[in-house]
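1. Output the structure for:
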Amino acid sequence: MQWILWSAGLAVGSGGRASLTRLLALVLVGVLLMGMVAPQPAYAQGGLLSGITGILNALNGAASALQNFINNVMRPILQSISAAASGIQNILGTLRISLNRLFGQFPKSTGFGRSYNN
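-> Okay, here's the model as predicted:
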């Protein structure tokens with residue numbers, strides 16, 4: 001960094017250079033001095049953009065937690081409910097077939113010969 005400052009100072013001090021070189025050297029010295037005088041803010045002092053980023057990270061964390069809850073807790077519960085409902089439907093279908101066979105043996109005139117498909 002000292003080398004840059006010395007070279008910029010020599011470029012300004014040289015009389016035979018063009019005005020563009022002098023201007024560039026002055027701008028470079030100004031930027032370097034501003035960097036030395038006004039240091040960069042700390043990570044926690046980022047301002048509005050880091051505040052928005054923090055809020056979005058918090059929302060992302062909450063959404064990830066909700067997704068993990070659904071995958072780890074709710075999915076097995078819903079799968080077991082679905083399996084139970086499927087088992088109940090199979091039992092009712094078997095019962096319907098058995099009742100149709102049982103009451104299909106009687107003549108329809110007795111009132112027992114009806115179908116249980118509904």
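
2. what residues go with each domain of this structure?
-> 1-40, 68-118 (automatic domain parsing).

3. which stretch in these has the least confidence?
-> Here the domains of the chain differ in mean pLDDT, and the lowest is domain 1-40 at a mean of 68.

4. Show me the helices in this structure, by range?
-> 2-13, 19-37, 48-69, 75-103 (DSSP state H).

5. JSON lines for the ones you listed, including mean neighbour count?
-> Quick note: C-beta positions are derived from backbone N, CA and C, even for glycine. Listed next are those as JSON lines, based on neighbours: other CB atoms under 10 Å:
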{"stretch": "helix 2-13", "mean neighbour count": "12"}
{"stretch": "helix 19-37", "mean neighbour count": "12"}
{"stretch": "helix 48-69", "mean neighbour count": "10"}
{"stretch": "helix 75-103", "mean neighbour count": "11"}
